[in-house]
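Participant: no sequence on this one, just coordinates:
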């Protein structure tokens with residue numbers, strides 16, 4: 001990727017700046033938090049945002065500092081999203097490139113399974129997997145990762161189908177190269193661009209899926225802080241303490257926005273066809 005082209009793209013740089021801001025929050029939260037995110041203060045129940053008390057984002061129904069819980073929950077959301085996207089990307093890409101390269105029954109049945117998975121809305125599929133696996137943090141990663149496997153399989157399969165009959169592939173085979181060598185040495189590097197863009201865009205959806213699962217009580221369980229379970233607890237308090245929902249909601253919105261902008265910017269920079277069209 002041309003680094004100068006990336007730095008000159010305002011969409012990409014804005015998205016990157018937002019994502020790096022959240023990364024900085026995670027790093028700070030590892031060494032310092034304004035308050036203990038799970039400590040309760042019965043004297044400050046639903047205390048509004050205030051500089052005087054030090055609770056800049058206010059407190060929740062148990063007197064817990066909302067800013068500290070948002071900062072702590074940031075690491076939870078981002079780590080789960082990264083893990084789930086990595087799982088889906090690696091598994092889906094490997095399945096897709098082998099299906100597209102080998103063809104035949106392997107390709108046929110893989111695409112039929114992908115079609116079945118695609119027939120489910122992403123959240124519904126994640127809920128179904130969580131119902132089977134149980135409410136554990138690593139199961140959230142697996143559930144969201146399974147949602148992404150058919151997406152990455154289709155992208156990688158389509159890219160391989162468009163490349164496997166190219167002249168450079170035939171030349172590699174004529175020089176005695178094996179299937180695995182051609183696949184991973186010649187074909188895989190040539191399909192990284194759409195995969196990189198898809199990873200960036202998938203991270204934003206993973207943030208939403210993790211928050212939704214926690215909101216429904218299937219993800220991170222209280223008292224551990226998660227943006228989703230914070231919103232779940234705040235839904236009954238919207239009229240009397242709107243800050244309990246507004247700040248976690250904004251945290252989700254801006255991180256999703258950051259990944260979407262980064263993905264759009266990467267697509268503009270990396271995809272020559274889109275860039276030339278503009």
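Facilitator: Sure, I can see it. What you see is a predicted model; the values in this text were computed from it and never measured.
Participant: So the residue nearest the centre of the chain versus residue 244, what's the distance?
Facilitator: By Cα atoms, centre = their mean, the chain has its centre lying nearest to residue 203, at 2.1 Å. Using Cβ to Cβ, to the nearest Å, residue 203 is found at 26 Å from residue 244. C-beta coordinates here come from the backbone N, C-alpha and C atoms, glycine included.
Participant: looking at this structure, which helix or strand is least sure?
Facilitator: helix 272-277 (a mean of 50; mean pLDDT, DSSP states H and E).
Participant: so how many other residues sit close to residue 10?
Facilitator: 10 (other Cβ atoms under 10 Å).
Participant: What of residue 125?
Facilitator: Look at residue 125: counted by other Cβ under 10 Å, it has 19 neighbours.
Participant: Residue 57 is in contact with residue 67, correct?
Facilitator: Yes. Between residue 67 and residue 57 there is a contact under Cβ atoms under 8 Å: 4.1 Å.
Participant: Now do the helices for the protein: every range, in order, please.
Facilitator: Here the chain has its helices, by DSSP state H, at 3-7, 10-31, 66-102, 104-118, 122-133, 137-163, 167-174, 179-181, 192-215, 227-234, 243-270, 272-277.
Participant: Which one of these lies nearest to residue 39?
Facilitator: Closest of the helices of the chain to residue 39 is helix 66-102, at 8.6 Å (criterion: Cβ to Cβ).
Participant: In the closest one, which residues are buried?
Facilitator: 66-78, 80-81, 83-89, 91-101 (16 or more other Cβ atoms under 10 Å).
Participant: cool, stretch 141-149 as well?
Facilitator: 141, 142, 143, 144, 145, 146, 147, 148, 149.
Participant: so which two of those residues are the farthest from each other?
Facilitator: Spatially, the most separated pair among these is 141 and 149, at 12.7 Å (Cβ to Cβ).
Participant: Show me the common contact partners of these two, please.
Facilitator: Taking Cβ atoms under 8 Å, 6 or more residues apart in numbering as the criterion, residue 141 and residue 149 both touch residue 87.
Participant: mind checking how far residue 125 is from residue 266?
Facilitator: Distance, residue 125 to residue 266, using Cβ to Cβ: 26 Å.
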